[in-house]
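Novice: my questions are about this predicted structure, shown below with the sequence.
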Amino acid sequence: MTVRDFQEAFDEKIDKEIAIEPRDWMPDNYRKTLIRQISQHAHSEIVGMLPEGNWITRAPSLRRKAVLLAKVQDEAGHGLYLYSAAETLGITRDEMVEQLHSGKAKYSSIFNYPTTTWADIGAIGWLVDGAAIMNQVALCRTSYGPYARAMVRICKEESFHQRQGYEILLHMSKGTEIQRKMVQDAIDRWWWPSLMMFGPTDDDSPNTAQSMRWRVKRFTNDELRQRFIDVTVEQCKILGMELPDPELKWNEERGHFDYGPIDWEEFWNVVNGNGPCNRERLKARNDAWEKGAWVRDAALAYSEKRKKRAKEADTKAA
Amino acid sequence: MLDHLFYTLQLADNALILGHRLGEWCGHGPVLEQDIALTNISLDHIGQARSLYQHAAHLTNEIPQEQRAKIFQSVTLNNKINSGELLQEDDLPYLRDAWDFRNALLTEQPNGDWAYTVARSFFYDVFYFLYYTKLKDSKDAQLAAIAEKSLKEVAYHQRWSSEWMIRLGDGTEESKTRIQNAVNDYWQYSGELFVMSDAENAMLKKGIGVDAAALKPEWDAKVEAIFKEATLSIPEEKWMQKGGKQCRHSEHLGFILAELQYMQRAYPGMEW
């Protein structure tokens, strides 16, 4: 078969919605796009542990502490599946981690914002995980098999997290005035960055067309963003809170909510390293990795010693 | 009655403080798989603490109100008791001050590097595996049930920390030096686990508590066996620090509580 035949077979699979598997032929750019996307996704899970982990020691009750620990642990688990899914495309976890630590690989910019009150833990669950789910549900049918399967598992846990986050805010919103203030303050800070999570507008997203053709992406950034806004407005009403956008208004004709302009200058600045916590987050990851080097070395040295001893014992027995 | 309460609090405080310490690692572990494992262990401890504090709150509520308001030296807690409110799971962990905490000094020691965390957990896990094995026969059905449920978890914790002791001891030169240093520094906190507190003595007589002192030979044997496999030396230091179980703590506990109790202190009486 020539490259052209391979390409045709690949295109046919995509058109027929047959999953692409690790051993299948795939265009170089498809592979590269997926490695970039899956590893970014994995890094986001890992960096995302930091802003929430920030509240583990200060969680306001033992139940909340346990739930938060379990949640952050789930994120670590998602990171693991995703790194494994990316590894099927011919890159190692160490290489990906190195790209994260050097700043070459990106992760979701939302995690460069600080968690300054307990309500932020609720807001992250509700808004950030909520926005992530919009993307991820669509990815459960993405064309690359291992990625789609990882997403199915992840989505189940993420929707649980979203409900937990919402429940934190709902509980607080039924509490005292100061608790309601804390909820509103968190919504004010997390709303716009959550909308930015869907990425640039379609006019400004050069990779969208190709990704849609490959069925890596199923919906455009703007479509998903709109869907998120439409469901979130209703949920916010139940909390008795306001979304910080004076232009937010139901548009009968479109059947959607209209919304105000997103500050793309802020978005690109945070993407390019100028968010409030970019440096801290990367430093925390680098520190954990560097301080853990001797531990990983020890584990490796020990497992090699064991293998060697087992082999020597076998030789003796023989 | 008070001894029964203090005994339960001793167990609860141990589980909470160690669980809290291990939780500090979450997101900062040396490798993803171990981050997950340590968080799991932290969750087990917090889970045990929750059951034990529920029991402790119940035991407190059984004490006549007038007497109840004099047990603890905490304004917030006593105000709550004086108002006639019954205590719940979170009141004893979040509203007591350090001088009413009964955890062993070992559990409040800082995480240090991975080696210190492993050594601290190893001393604790070996002890608690033996302890819960006995406590499951307690005449207090509640404590017996908690011990039985926890035993499965503690068996895993013991395996995890033993394996890490061996891996670090018999790993590289550096890891061996680090784990030996950690063992040397935290050894002095291992002895307190076997020093019977007043509450332990009283509960032992009633068939509710465990004879901690009697567990020493088995603990020594297990520790020696693991040290041997890990090629580590048992420290010669014989002097042991004690006090935590009788409410006299190191400087660390105050800072742990400052974080742990911050929300309940800043926003008293609110539900989260």
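Specialist: Received, thanks.

Novice: give the contact list for whichever residue of the stretch 1-150 of chain B sits closest to chain A.
Specialist: Residue nearest to chain A within the stretch 1-150 of chain B: residue B:30 (2.5 Å; CB to the nearest CB). C-betas here are computed from N, CA, C, even on glycine. With contacts defined as CB atoms under 8 Å, 6 or more residues apart in numbering or on different chains, residue B:30 is in contact with A:288-289, A:291-293, A:295-296, B:114.

Novice: got it, and residue B:176?
Specialist: So residue B:176 contacts B:168-170, B:231-232 (CB under 8 Å, 6+ apart).

Novice: what does the stretch 201-318 of chain A have sitting close to chain B?
Specialist: A:284, A:287-289, A:291-299, A:301-302, A:305 (CB under 8 Å from any CB of the partner chain).

Novice: out of those, which are buried?
Specialist: A:284, A:288-289, A:292, A:294-296, A:298-299, A:301-302 (16 or more other CB atoms under 10 Å in any protein chain shown).

Novice: tabulate those in a markdown table, adding columns for pLDDT.
Specialist: Below are these laid out as a markdown table (pLDDT from 0 to 100):
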| residue | pLDDT |
| --- | --- |
| A:284 | 97 |
| A:288 | 97 |
| A:289 | 97 |
| A:292 | 97 |
| A:294 | 98 |
| A:295 | 98 |
| A:296 | 98 |
| A:298 | 98 |
| A:299 | 98 |
| A:301 | 98 |
| A:302 | 98 |
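
Novice: which one of these is nearest residue B:226?
Specialist: Residue B:226 lies nearest to residue A:302 out of those, by CB to CB, at 13.8 Å.

Novice: give me the three-state assignment for that closest one.
Specialist: helix (DSSP: H, G, I helix; E, B strand; the rest coil).

Novice: pretty sure it sits against residue B:171.
Specialist: Yes. Using CB atoms under 8 Å, residue A:302 is in contact with residue B:171, at 4.5 Å.

Novice: quick one: the helices in the chain?
Specialist: No chain specified, so I'll use chain A. Here chain A has its helices, by DSSP state H, at A:3-15, A:28-53, A:62-87, A:93-102, A:119-123, A:129-139, A:145-173, A:177-196, A:208-213, A:221-239, A:264-269, A:278-291, A:293-317.

Novice: meant chain B actually
Specialist: So, for chain B - with DSSP H - the helices run B:2-23, B:32-62, B:65-68, B:75-82, B:91-95, B:105-108, B:114-135, B:141-169, B:173-186, B:198-205, B:216-229, B:252-260, B:262-266.

Novice: dump these into TSV; add mean pLDDT as well.
Specialist: Formatted as TSV, those follow (pLDDT from 0 to 100):
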stretch	mean pLDDT
helix B:2-23	98
helix B:32-62	98
helix B:65-68	92
helix B:75-82	94
helix B:91-95	98
helix B:105-108	98
helix B:114-135	98
helix B:141-169	98
helix B:173-186	98
helix B:198-205	98
helix B:216-229	98
helix B:252-260	98
helix B:262-266	96
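
Novice: export these to TSV and tack on distance to residue A:68?
Specialist: Formatted as TSV, the helices of chain B follow (distance: least, CB to CB, whole Å):
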stretch	distance to residue A:68
helix B:2-23	9
helix B:32-62	10
helix B:65-68	31
helix B:75-82	23
helix B:91-95	15
helix B:105-108	21
helix B:114-135	20
helix B:141-169	19
helix B:173-186	28
helix B:198-205	32
helix B:216-229	33
helix B:252-260	13
helix B:262-266	12
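
Novice: contacts only, for the closest residue to chain A within the stretch 101-250 of chain B.
Specialist: In the stretch 101-250 of chain B, the residue found nearest to chain A is residue B:171; the distance is 2.9 Å by CB to the nearest CB. By CB under 8 Å, 6+ apart, the contact set of residue B:171 is A:297-299, A:301-302.

Novice: out of the residues you listed, flag the one nearest to chain B.
Specialist: Using CB to the nearest CB, the contacts of residue B:171 come closest to chain B at residue A:298, 2.9 Å.

Novice: tell me the confidence at the residue lying closest to the closest one once chain neighbours are set aside?
Specialist: Computed as CB to CB, 6 or more residues apart in numbering or on different chains, the closest residue to residue A:298 that is not its neighbour in sequence is residue B:171, at 2.9 Å. On pLDDT, residue B:171 comes in at 98.
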